[in-house]
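J.: Turn this into a structure:
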Amino acid sequence: MMKEGFIYIDKHSRIKLYNKKAKEIFGIDKSVGIGHPDGVIQKGDLVIIGDNCLGKDDGGLKPENLGKIGIYDENIQLADLFMGIGTFEDGRLRPIYQYYHPSESFRENFCLKAEVSGRSVSVEIDGKCITISFENKKFPMNYNNSIGHMVILDPNTFQVKFYQTSGYTARGEDTLDILNGKAYRAKGPAVNEFNVIGKKISSIHKDASAIKELCNIAQGQEDNYKEKFSEINGIPTLYSIFPVEINGKREGAVLQVEDISTLQNVIKERNDALAYVEEMKQIINDNALDCEGLAVIKGESRVMRNVKKLAYKASKSNSTVLLLGESGTGKSYLAETIHKASKEPEKPFIHVNCGAMPETLLESELFGYEKGSFTGANHEGKIGFFEKARGGTIFLDEIGDISLTAQVKLLGVLQNKSFFKIGGTTEIAADVRIIAATNKNLEEEIKKKKFREDLFYRLNVFPIWMPPLRERREDISNLCNQILSQICDKLQCGEKFISPAAQRILTSYGWPGNVRELENTLERAANIADGRIITENHLPSKITNNEYGSYTEKWKSFQDYMEEAEKRALLETLAYCGNDKKKAMQALKMGKTNFYQKIKKYGM
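T.: Next up is the predicted model:
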């Protein structure tokens, strides 16, 4: 019933008790697999070896020992990753092998494939397992740090004579031991259980510090070992040692041991993931994305990493930026973030919602007017948004909704870098950086004669496309946590959490309203939920029923989607490369002819 391994030895270091869990941990319980009889390696046997670190956890196998299967190569060194096929002390088969020095072993997967006597044989090594295969049989061997794995076949019948399994060290079946002629034990379901009772503990577990400490305690040493780490037979363990005394005399000791290889693997994967995130952050941020402003853009999906990269480039430039994307994707937030990360974040940031402003007011609001310039005008005149934003950024939101008349005025500002107030005669320098945004397809608007083509090209200097939430689902979970925390602070309702079931529903929903809809949904749920947990019952029925699942909006042809993706790739790469076409070609790995054909095709 114990979840830990339990080993009891007497004062002579002989095993008196070895529970089932300990046998499971160290792989010396009743063996599984197809099985084979006991025996010893013989001349002419076909030997297949996979070793991810020559000389470690293989009995001390050295390059010269490979001569036993016909491999004599002075370039093979200790610690090399090795895969080989040969015949034992028989030159009938020309050996087949590969090796990699530690400095070359940067790949995750290695594979050696060969054909022997018309049968396929392979050795595959990845970061967790070595698999030896022939015909339809596979012999995997999992490992934590390093291992030597070997299969022996009859060269005539291809029957299995020997294969290694976990617990090979306890059985005395290291790779080198077998190659040196040591007898191996039988394996398989029909074989009697490997009995360790009465054996010296050192013959089962070699060279482990925990085993030496166990023997010392059993022989009378006074010490305390509780929840210490040690590798025993290559398996990472957490162990404790307790003395056993009878009538006041030391009669032995108990080792309580727990396999923590799974935990170690989880920690390794976590550390690898953290290292990868840090590496990506370094690349994306160009060593500076953590500056104030850009670090607040949440999302580690591929598309959002690209947005962050382009936003960083835009923040260091005075070029006009055009933010594209559906309503609610966060274009306004991105515009303000770019401004805050610029060289002069203390300068004004003026947000103008062009779509919400009547046409009759837009010109006067943007450029201002002189006193008495029209009926109803303020007698003192008015300073326009362009003048208020001097030295800073003016954000023209919903630029696709302004009239053709207003477009002409705006084009003049972009071309001449100056403007006149309504009724004014003095030219005013437009010392501002313009960021524009729209949820419309401006090229389609140009075709409909609703948007000026020359203005589009003036605005489309540095385009950044904000992806809809459904195209970056991997970011939804983090966004939910961030937004919910802000909502709880605003509502002063205490900290609340989203249940796993509700999180799955939120992640699977299509979000036609994007981040804005997500914010509204979470605020509603936070208001409804009485306790600290937001469940699926607190979500709107259209989300729990996933009504957006059949939402198709306006389908386009496959060719249209392909062309949109091509154009977006060209635009974003050119913007990132500062409009340097040569660099853009290299980044996209495109030939010169193909590159310029695409530029011409898309009118760029």
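J.: rest of the way, CA atoms for contacts and neighbours
T.: Noted.
J.: Helix or strand with the lowest mean pLDDT in this protein?
T.: Lowest by mean pLDDT, DSSP states H and E among the helices and strands of the chain is helix 261-285, with a mean of 69.
J.: Report the mean confidence score over whatever helix or strand comes next after that one.
T.: Toward the C-terminus, helix 261-285 is succeeded by helix 302-315 as the next helix or strand (DSSP states H and E). In this model, helix 302-315 has a mean pLDDT of 85.
J.: Could you do stretch 64-78 as well?
T.: 93.
J.: cool, stretch 39-52 as well?
T.: 94.
J.: Using PDB, write out every CA atom in that stretch.
T.: Provided in PDB are the C-alpha atoms of stretch 39-52 (Å, rounded to 0.1, in the frame of the first residue of the first chain):
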ATOM      1  CA  GLY A  39      22.200 -16.900 -22.000                       C
ATOM      2  CA  VAL A  40      25.400 -15.200 -23.000                       C
ATOM      3  CA  ILE A  41      26.500 -13.300 -26.200                       C
ATOM      4  CA  GLN A  42      28.000 -15.600 -28.900                       C
ATOM      5  CA  LYS A  43      30.300 -15.100 -31.800                       C
ATOM      6  CA  GLY A  44      28.300 -13.900 -34.900                       C
ATOM      7  CA  ASP A  45      25.400 -12.500 -32.900                       C
ATOM      8  CA  LEU A  46      23.900  -9.300 -34.400                       C
ATOM      9  CA  VAL A  47      24.400  -6.500 -31.900                       C
ATOM     10  CA  ILE A  48      22.500  -3.100 -32.100                       C
ATOM     11  CA  ILE A  49      23.600  -0.400 -29.700                       C
ATOM     12  CA  GLY A  50      22.200   3.100 -29.000                       C
ATOM     13  CA  ASP A  51      24.200   5.200 -26.400                       C
ATOM     14  CA  ASN A  52      23.500   8.900 -25.900                       C
END
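J.: Could you tell me how far the residue positioned nearest the centre of the chain is located from Ile267?
T.: The centre of the chain sits closest to Ala273, judged by CA atoms, centre = their mean, with a distance of 5.8 Å. Here Ala273 is placed at a distance of 10 Å from Ile267 (CA to CA, to the nearest Å).
J.: So Ala114: helix, strand or coil?
T.: Here Ala114 takes the strand state, with states given by DSSP: H, G, I helix; E, B strand; the rest coil.
J.: quick one: pLDDT of the spatially closest residue to it that is not a sequence neighbour?
T.: Excluding the flanking residues, the one nearest Ala114 by CA to CA, 6 or more residues apart in numbering is Val121, at 5.3 Å. For Val121, the model assigns a pLDDT of 93.
J.: which residues touch the helix or strand harbouring Val121?
T.: In the assignment (DSSP H and E), Val121 maps to strand 119-125. Residues from elsewhere that reach strand 119-125 (CA atoms under 8 Å, 6 or more residues apart in numbering): 48-50, 52, 83-84, 109-115, 130-135.
J.: mind redoing it with 7 Å?
T.: Contacts with strand 119-125, where a contact means CA atoms under 7 Å, 6 or more residues apart in numbering, come from 50, 83, 109-115, 130-135.
J.: Now do the end-to-end distance for stretch 424-437.
T.: 29 Å.
J.: which of the residues in that stretch are buried?
T.: Along stretch 424-437, these residues count as buried under the neighbour rule (16 or more other CA atoms under 10 Å): Ile428, Ala430, Val432, Arg433, Ile434, Ile435, Ala436, Ala437.
J.: sec struct for Ser477, please.
T.: Under three-state DSSP, Ser477 comes out as helix.
J.: what's near enough to touch it?
T.: Contact partners of Ser477, counting by CA under 7 Å, 6+ apart, are Gln503, Thr507.
J.: separation between it and Leu396?
T.: Applying CA to CA, one obtains 31 Å for the distance of Ser477 from Leu396.
J.: What segments of the stretch 51-200 of the chain are strands?
T.: 81-87, 96-100, 110-116, 119-125, 129-134, 137-142, 148-153, 160-163 (DSSP state E, counting those that start in this stretch).
J.: separation between Glu365 and Ile350?
T.: For Glu365, the distance to Ile350 equals 12 Å [CA to CA].
J.: what does Phe229 give?
T.: 60 Å.
J.: Now do the contacts for Ser301.
T.: Per CA under 7 Å, 6+ apart, neighbours of Ser301: Arg472, Glu474, Asp475.
J.: of those, buried ones?
T.: Among the contacts of Ser301, those scoring as buried are Arg472, Asp475 (criterion: 16+ other CA under 10 Å).
J.: Tabulate the contacts of Ser301 (TSV), appending pLDDT.
T.: Converted to TSV, the contacts of Ser301 look like this (pLDDT from 0 to 100):
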residue	pLDDT
Arg472	87
Glu474	86
Asp475	88
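J.: Just name the closest of the contacts of Ser301 to Tyr143, please.
T.: Glu474 (31.2 Å; CA to CA).
J.: now that closest one, nearest residue through space, not along the chain?
T.: Nearest one to Glu474, counting by CA to CA, 6+ apart, is Ser301 at 6.3 Å.
J.: Please tell me how far that neighbour sits from Leu571.
T.: Distance, Ser301 to Leu571, using CA to CA: 20 Å.
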